[in-house]
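>>> Here's my sequence, what's the structure:
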Amino acid sequence: MTDFVTRSNGTQTNLWETWSADLSGEEWVYFGDPGLRRSLFLAHHESDAAMDHYHNFNDSMTVFGFGRSNDPLEAEMNTGPQHFTLGS
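Coordinates of the predicted model:
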């Protein structure tokens, strides 16, 4: 089994697959490691139109952001208040 990320729209991909998308409605992701039987979840409680982005950094770090992209010209989440929950 391989480590994965699951998005709130039900899409599940392996951790080495980069993606960028606006998670609509309830925005959440969880990262799972079946070998350790552990997960980490992140939730953004306000819906927005900003892109959410994930990529694997040199096979050593998971990089994820709500309202972030790799394009410096792309609009980011920049209004408040914003509320987040995380847990394992």
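
>>> where does the protein have low pLDDT?
For the chain, the stretches flagged by pLDDT under 70 are 1, 69-75.

>>> So which residues of it form strands?
With DSSP state E as the criterion, the chain has strands at 4-7, 12-14, 19-21, 27-33, 38-44, 52-57, 61-65, 84-87.

>>> Please produce JSON lines containing these, extended by distance to Glu76.
Heads up, the C-betas are built off the backbone N, CA and C, glycines and all. Below are the strands of the chain laid out as JSON lines (distance: least, CB to CB, whole Å):
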{"stretch": "strand 4-7", "distance to Glu76": "19"}
{"stretch": "strand 12-14", "distance to Glu76": "23"}
{"stretch": "strand 19-21", "distance to Glu76": "12"}
{"stretch": "strand 27-33", "distance to Glu76": "14"}
{"stretch": "strand 38-44", "distance to Glu76": "13"}
{"stretch": "strand 52-57", "distance to Glu76": "10"}
{"stretch": "strand 61-65", "distance to Glu76": "9"}
{"stretch": "strand 84-87", "distance to Glu76": "15"}
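
>>> Make TSV from those and add mean neighbour count to it.
Listed next are those as TSV, based on neighbours: other CB atoms under 10 Å:
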stretch	mean neighbour count
strand 4-7	17
strand 12-14	11
strand 19-21	13
strand 27-33	19
strand 38-44	15
strand 52-57	17
strand 61-65	13
strand 84-87	10
